[in-house]
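> please work out how this folds:
(2 chains)
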Protein chains: 2
Amino acid sequence: MTIGMYQASVPVFQRLLKALDAILDKAVANATERKIDPAVLVAARLAPDMYPLSRQVQIATDHAKGCSARLAGLPVPSFEDSEKTFPELKARIAKTLEFIATVKPEQVDGSEARDITLKLGPRELSFKGQDYLLFVALPNFYFHTSTAYNILRHNGVPIGKLDFLGAT
Amino acid sequence: MTIGMYQASVPVFQRLLKALDAILDKAVANATERKIDPAVLVAARLAPDMYPLSRQVQIATDHAKGCSARLAGLPVPSFEDSEKTFPELKARIAKTLEFIATVKPEQVDGSEARDITLKLGPRELSFKGQDYLLFVALPNFYFHTSTAYNILRHNGVPIGKLDFLGAT
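Just a heads-up that it's a prediction; the model follows:
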């Protein structure tokens, strides 16, 4: 067993996205129990100028599919960012999981020095595959999954860190 | 260049802990500017039954030093968990950075299949090095650094995601 670019990326995204999906289920159940409109939680934020839950889930899935595709040298699937409900957010996670399950270890392994270019508006940022994975994709992915968790936790959804980490 | 256990762990902890240290500086500056007792921010939480900022920083540093030491086969340095101020939290980050800077790539590389045992109260959890890094240490580290960020952001400290990600 040696760590490789595939092992350090796709299975991590899979574990955490399945955990996030289960967290969204708990949020829906809790909203029902407390007679809260689930839309309130989907639109909840930790600060007025931070993104709401829906956008946190969108960006987390963007990093998962973007990183998996870019490291594999595949086109990045484009999703519409129109999710407004828990079922829609869960469908986005499902679509992301479906895509990254098609990415094969042999496409990603060996991508340490692959040139990765990200377009941010008019700017282009270039990275080698390993730096992109370790210092862009994973920290962003974890930032947005953690923030999604924190938004729900802050709003009283009964979840704990094991929900975030997923089955071990 | 190939990804290795060292590259996937120590430099990641270093980048994010330096970023967290700079975030704490911004929190202190902002507290001063708003005439807020910095102790209020150190004790701030996102939910009454979540850990405050101080504990988030303690646990984040615990995972950084614990993971670096365990993968290298070194004893884990023990810190006292007594920090109550920003200077004390910054000192803890500095101590952590000082320790992990002594961990050498050749001690960590090749630790994919090393047996790692964690004691959680009366329980013992066993992992192989790679699973411990990818599914325990890194997600926990990111969870607590993100939550520290979110606590401060929620309390009005003017920080953005680039502060979290650190210099690129």
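> point out where chain A drops to low pLDDT.
Chain A contains residues with pLDDT under 70 at A:1, A:168.
> and it, which of its residues are near chain B?
Proximity of chain A to chain B (CB under 8 Å from any CB of the partner chain) is limited to residues A:1-5, A:7-8, A:11-12, A:15-16, A:46-47, A:50, A:112-113, A:128, A:130, A:133-136, A:138-140, A:142-143, A:146-147, A:149-150, A:153-154, A:156, A:161, A:164-166, A:168. C-beta here means a position set from N, CA and C on the backbone, and glycine is covered the same way.
> out of the residues you listed, which end up buried?
Buried members of these, counted by 16 or more other CB atoms under 10 Å in any protein chain shown: A:3-5, A:7-8, A:12, A:15-16, A:46, A:50, A:112, A:130, A:133-136, A:138-140, A:142-143, A:146-147, A:149-150, A:153-154, A:161, A:164-166.
> filter the residues of chain A next to chain B down to the ones in helices?
Assigned to helices by DSSP state H, the following of the residues of chain A next to chain B qualify: A:11-12, A:15-16, A:130, A:138-140, A:142-143, A:146-147, A:149-150, A:153-154, A:161, A:164-165.
> show me where chain A has strands.
All strands of chain A, identified by DSSP state E, fall at A:115-120, A:123-128.
> any chance of the ones you listed in a markdown table, plus distance to residue A:29?
Below are those laid out as a markdown table (distance: least, CB to CB, whole Å):
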| stretch | distance to residue A:29 |
| --- | --- |
| strand A:115-120 | 37 |
| strand A:123-128 | 40 |
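> so what's the residue in chain A sticking out farthest from the centre up against?
Relative to the centre of chain A, the most outlying C-alpha is that of residue A:35, 27.9 Å out, by CA atoms, centre = their mean. When contacts are counted by CB atoms under 8 Å, 6 or more residues apart in numbering or on different chains, residue A:35 touches no other residue.
> same question for residue A:46.
With CB under 8 Å, 6+ apart, residue A:46 has these contacts: A:147, A:150-151, A:154, B:46, B:150, B:153-154.
> for the residue sitting nearest the centre point of chain A, which non-adjacent residue is closest in space?
Nearest residue to the geometric centre of chain A (CA atoms, centre = their mean): residue A:60, 2.5 Å. Leaving out its chain neighbours, the residue that sits closest to residue A:60 by CB to CB, 6 or more residues apart in numbering or on different chains is residue A:144, at 3.9 Å.
> now do the contacts for that neighbour.
Contacts for residue A:144 (CB under 8 Å, 6+ apart) come out as A:56-57, A:59-60, A:63.
> chain B: which of the residues you listed is nearest?
Ranked by distance to chain B (CB to the nearest CB), the contacts of residue A:144 are led by residue A:59 at 9.6 Å.
> from residue A:3, how far out is the closest one?
Distance, residue A:59 to residue A:3, by CB to CB, to the nearest Å: 26 Å.
> and residue A:100, by the same measure?
From residue A:100 across to residue A:3, the span is 18 Å (CB to CB).
> same thing with residue A:35?
Distance from residue A:35 to residue A:3, by CB to CB: 47 Å.
> same deal with residue A:67?
Distance from residue A:67 to residue A:3, by CB to CB: 16 Å.
> what does residue A:109 give?
Noted for residue A:109: a distance of 10 Å to residue A:3, by CB to CB.
> and for residue A:139?
18 Å.
> let me see the contact set for residue A:138.
With CB under 8 Å, 6+ apart, residue A:138 has these contacts: A:8-9, A:12, A:67, B:12, B:138, B:142.
> the same query, at a cut-off of 10 Å, please.
Residue A:138 makes contact with A:8-9, A:12-13, A:63-64, A:67, A:132, B:8, B:12, B:134, B:138-139, B:142, according to CB atoms under 10 Å, 6 or more residues apart in numbering or on different chains.
> closest one of these to residue B:82?
Distances from residue B:82 to those, taken as CB to CB, are shortest for residue B:142 (24.7 Å).
> residue A:134 is in contact with the closest one, correct?
No: using CB atoms under 10 Å as the test, residue B:142 is too far from residue A:134 to be in contact (11.7 Å).
> joint contacts of those two?
Joint contacts of residue B:142 and residue A:134 (CB under 10 Å, 6+ apart) are residue B:12.
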